[in-house]
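A.B. asks: got a structure for you, letters missing:
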């Protein structure tokens, strides 16, 4: 069940990434969170996200606006490391509170509660039209890098903030997409190195089943990106955006309550 769900979600999410304003990680994190502890779900999503972006980056590197990558990406790197470090600290917390239902006890860890609440926040913002129409002036690109990098390191959610700050740069669509991909690669590399160093030997480092889920998610994401150019109709994006936000909201509530993660 877990393999089938991760494969399906990764394929659809990667396909939608080509056309939508939200990213692969936004959709894939809730799916991983159903089967993995919250910190490992963020890390697993990051691996798939990175490899998928590297795949796209090899095709788009000649269209990248490198000046924007530097203005946005350089501040994003230390911020991503800081966010990943905070996640590592939260992963070491025990259950914060407990409650019972039908004779079973539930309760979130610090990581689960933090990520859950942030998922609720991002889902709520995703449902607001004014949030999707926000565009920050180009002079705030370094600030955008700090915010996008930090939340990318902490929760994996970086695409919406990145788009908000890049939309006013005036880049044509192909260069906008290519530049966003390169920035995402910088953030993913920074946070994954920090995850690997922080989670090693903590009891939540990757085991065989988790590695298999990441591999399945990666291959499925490649397939989705490849197939999207031929079969996906852009008209479905509005419905999908709403559905994804609702999924994030439900998963966020479940993580905050300690039902999963």
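C.D. replies: Yes, it's here. Every value quoted in this text rests on a predicted model; they were computed, and no experiment measured them. Residues are numbered from 1 along each chain as shown.
A.B. asks: ok, the closest residue in space to residue 106 that isn't next to it in sequence - contacts?
C.D. replies: With Cβ to Cβ, 6 or more residues apart in numbering as the measure, residue 258 is the residue that lies nearest to residue 106, at 4.3 Å, once sequence neighbours are left out. Yep, even glycine has a C-beta here, placed from its N, CA and C like the rest. Taking Cβ atoms under 8 Å, 6 or more residues apart in numbering, we find residue 258 in contact with 95, 97, 98, 99, 106, 107, 108, 109, 112, 113.
A.B. asks: what does stretch 62-73 rub up against?
C.D. replies: By Cβ under 8 Å, 6+ apart, the list of residues contacting stretch 62-73 reads 141-142, 144-145, 148, 162, 165-166, 169, 171, 174-175, 177-179, 181-183, 186-187.
A.B. asks: Can you flag the buried ones in those?
C.D. replies: Neighbour counting by 16 or more other Cβ atoms under 10 Å classes 141, 144-145, 148, 162, 165-166, 169, 171, 175, 177-179, 181-183, 186-187 among those as buried.
A.B. asks: how about the strands in the stretch 1-150 of the chain?
C.D. replies: With DSSP state E, counting those that start in this stretch, the ranges of strands along the stretch 1-150 of the chain come out as 99-101, 104-106.
A.B. asks: Residue 110 versus the residue nearest to residue 106, what's the distance?
C.D. replies: The span separating residue 258 from residue 110 equals 11 Å under the rule Cβ to Cβ, to the nearest Å.
A.B. asks: What of residue 176?
C.D. replies: On the measure of Cβ to Cβ, residue 176 and residue 110 end up 36 Å apart.
A.B. asks: how far is the helix or strand hosting residue 197 from where the chain is centred?
C.D. replies: When secondary structure is defined by DSSP states H and E, residue 197 falls within helix 173-199. A distance of 10 Å separates the C-alpha centroid of helix 173-199 from that of its chain, computed with Cα atoms, centre = their mean, to the nearest Å.
A.B. asks: Report the rounded mean pLDDT for that helix.
C.D. replies: Average pLDDT, helix 173-199: 85.
A.B. asks: other SSEs contacting it?
C.D. replies: Packed against helix 173-199, as judged by 3 or more Cβ pairs under 8 Å, 6 or more residues apart in numbering; DSSP states H and E, are the following elements: helix 38-60, helix 66-91, helix 141-155, helix 159-166.
A.B. asks: could you redo the last one with a cut-off of 10 Å?
C.D. replies: Secondary structure elements in contact with helix 173-199, counted by 3 or more Cβ pairs under 10 Å, 6 or more residues apart in numbering; DSSP states H and E, are helix 24-33, helix 38-60, helix 66-91, helix 141-155, helix 159-166.
A.B. asks: from the chain's centre, how far out does the helix or strand just after it sit?
C.D. replies: Sequence-wise, the next helix or strand beyond helix 173-199 is helix 208-231, with elements assigned using DSSP H and E. A distance of 15 Å separates the centroid of the chain from that of helix 208-231, by Cα atoms, centre = their mean.
A.B. asks: remind me which residues of the stretch 151-261 of the chain are low pLDDT?
C.D. replies: Across the stretch 151-261 of the chain, the ranges flagged by pLDDT under 70 are 198-209, 225, 228-241, 243-244, 260-261.
A.B. asks: If we use 50, what do you get?
C.D. replies: Under the criterion of pLDDT under 50, the regions of the stretch 151-261 of the chain flagged as low confidence span 202-206, 232, 234-236.
A.B. asks: so who does the residue nearest to residue 165 when sequence neighbours are not counted touch?
C.D. replies: Nearest residue to residue 165, sequence neighbours excluded (Cβ to Cβ, 6+ apart): residue 144, at 2.9 Å. For residue 144, the contacting residues are 71-72, 75-76, 136, 138, 161-166, 168, 183, by Cβ atoms under 10 Å, 6 or more residues apart in numbering.
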